[in-house]
Every structure is written in C-alpha cells, then in structure tokens.
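Peer 1: Okay, predicted coordinates and the sequence, questions at the end:
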Amino acid sequence: MLKRLLFLSLLLAGTVAADPPAFPTMSKENPVHIFADQFVYEAPHKLLHLDGHVRFSMKDTEMETQHAEFNTETQIGKLTGGVHITQPGSSVNADHMLIFYAKRRALLSGAVHLVSSQTPGAKPTATPQQPTMLDCDELEYFWEAQTGNAVGHVHVEQGERKAQADVAHYQGQTGLVNLLGHVQFAQGPGDWVQAPEAILNLKEQTFVAQGGVVANITPPEEQHKGGPKGTTPPAPVPRTTRILVPPLTPQLQPVAPPV
C-alpha cells in the first residue's frame, strides 16, 4: 500500500508501457504524473490497476477518481468510483468514464455534469460570461475531431437561458449543435420555444426550431410583470422559427487520456 506517495511519470514507466508509441502525447516536456494509494501492474495481461485517491496530472488537465484500469495493449482505460476532471475554464463530474485512446474517444456516464465559462464562437462582451452548465446521462466526446454527443435528459443552462432535449450532437469545427427530441428553449419568465428538433449555431449565435413549433414571446413590459396572465400556448404549426439568442452550449474541451 502506498499512502499517496506514488508519483510516477509515464516517461519513465517502461515496465507499464510495453509499447511506448501507445502514448504519443508523452514527452520530457509533457509527462503524465500519477498519484494513488495502490499501484498494481499485471505484466501477463498488460493491465495497470490504480486504487484509492487516484489522480492524473498532465499540463493543465487534472483527473481524479477512486479506481482506474488501463490495458496497454488495447489502449482502453476505465475510471470508476466517481470521476472529476478540471481544465482552465471548465470542469466535469460523472460516475464512470471509459477512454478509447486509439480512437481518441472518451465516454462519461452517470450523472454527467459539466461547467464551462468558455463558449466557442461567442462574440467578445464587455461583461464576463455567466458559466454554462450541461447535465445529461451520457456524454461521448472525440477530442481530435472535436465532436460530441450528449444523451438522456440533456439540460443546458446559462443564467436565465435554459434548453433541454433528449439528445444533443455537437460539432466543434462548425459550431453547430443539433438538439433532438422534446426540445425546449426558455429565456426569462415568458419567452419559450418547443419543437421536435432545433439547431444552435454558436458562431452566428442563432437558434432555429424546426417541425411543429410552439412558441411564446412576451413583450418587454410584460416580462417584468412575469408574463401575461392566462397565456395559452398556441397550437403547433408546421414551420421554422428563427430566433437570435446568445449561445448556450458549453465548450467541450479535449481531455487527454491519463495513460
């Protein structure tokens, strides 16, 4: 048992990585440091086990969990017992995390909660942006392609602006976010939009609802009163509604694999 004294740089861990090219991000300038209570390596199975207060530190990324496993042959890692990841301007919490290093893919599951103060494509403002929060059941992210998928009870919130859907697909290169299934967008006490699907364009800062759209727009003077009394949502109509709004979706920054 090692009492949080295990401080390893993968640059020196030749016994762990039978094939050094499996860790292309490793270098003298960019080592990965590991802290844990217990470190076990099964050479015949090429499995690395870390238990108790596990922490990975590399450049500006920190990952913490209670148990981690990594197969140096398949390059697949598994973090369990609660996962916490921090980077400048963002943090992520989840129950579990799988890392498919060869595919540059990460999969977080169980009570996923992301907080970010950075929004891609957002125009500079005089006042600091409010943090954006994303909650979902599962979050998949390809860090090189900069694409992501949030699935299950997707909820995004920034100040008084809120959006929710069953599924959200994110494309970092284009700045587009596709929201699918029971899409709802609300801003303030009286402005809201409901639709089967919608598209957020982070670069143009627009929200486009598609399909049978139901919307309610409250005049500014009514917003201060909490909206008109007895407001009844209009019947769905087959049209596309385009509304200019600040972007909501937080930036999903690439998280480098721990090993």
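Peer 2: That came through, no problem. Residues are numbered from 1 along each chain as shown.
Peer 1: Would you state the strands of the stretch 151-259 of the chain in chain order?
Peer 2: For the stretch 151-259 of the chain, strands defined by DSSP state E, counting those that start in this stretch occupy the ranges 161-171, 176-187, 191-201, 206-210, 212-216, 237-238, 241-244.
Peer 1: So in terms of bridging, what pairs with the closest residue to Ser90 other than its chain neighbours?
Peer 2: Nearest residue to Ser90, sequence neighbours excluded (CB to CB, 6 or more residues apart in numbering): Ser116, at 4.1 Å. In this view, the C-beta of every residue, glycine as well, is placed from N, C-alpha and C. Beta bridges link Ser116 to Ser90, Thr132 when assigned by DSSP bridges.
Peer 1: Same check on Leu180?
Peer 2: Going by DSSP bridges, Leu180 is paired in beta bridges with Val167, Glu197.
Peer 1: Can you list the low-confidence ranges for the stretch 1-150 of the chain?
Peer 2: Along the stretch 1-150 of the chain, segments meeting pLDDT under 70 span 1-30, 118-129.
Peer 1: now with 90?
Peer 2: For the stretch 1-150 of the chain, applying pLDDT under 90 flags the ranges 1-34, 56-61, 72, 87-91, 101-104, 114-134, 141-148.
Peer 1: which stretches of it form strands?
Peer 2: According to DSSP E, counting those that start in this stretch, the stretch 1-150 of the chain carries its strands in the segments 8-9, 33-35, 38-42, 47-58, 61-71, 76-80, 83-87, 90-94, 96-100, 105-116, 132-142, 147-158.
Peer 1: The strands of the stretch 151-259 of the chain into a markdown table, with extra columns for mean pLDDT, distance to Glu64 and mean neighbour count?
Peer 2: As requested, the strands of the stretch 151-259 of the chain are exported to a markdown table (pLDDT from 0 to 100; distance: least, CB to CB, whole Å; neighbours: other CB atoms under 10 Å):
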| stretch | mean pLDDT | distance to Glu64 | mean neighbour count |
| --- | --- | --- | --- |
| strand 161-171 | 91 | 25 | 20 |
| strand 176-187 | 91 | 28 | 20 |
| strand 191-201 | 90 | 31 | 20 |
| strand 206-210 | 87 | 35 | 20 |
| strand 212-216 | 90 | 43 | 17 |
| strand 237-238 | 38 | 49 | 10 |
| strand 241-244 | 44 | 40 | 12 |
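Peer 1: would you turn these into CSV with distance to Glu73?
Peer 2: Formatted as CSV, the strands of the stretch 151-259 of the chain follow (distance: least, CB to CB, whole Å):
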stretch, distance to Glu73
strand 161-171, 31
strand 176-187, 36
strand 191-201, 40
strand 206-210, 46
strand 212-216, 51
strand 237-238, 54
strand 241-244, 51
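Peer 1: so which of these gets nearest Glu144?
Peer 2: Nearest of these to Glu144, taken as CB to CB: strand 161-171 at 13.3 Å.
Peer 1: For that closest one, which outside residues touch it?
Peer 2: Residues from elsewhere that reach strand 161-171, judged by CB atoms under 8 Å, 6 or more residues apart in numbering: 136, 146-157, 176-187, 198, 200, 245-246, 248-249, 252.
Peer 1: can you rerun that using 6 Å?
Peer 2: 147-151, 154-156, 177-187, 248 (CB atoms under 6 Å, 6 or more residues apart in numbering).
Peer 1: Show me the contact partners of stretch 84-99.
Peer 2: Stretch 84-99 has contacts (CB under 6 Å, 6+ apart) with 60-64, 77-80, 83, 106-118, 253, 255, 257.
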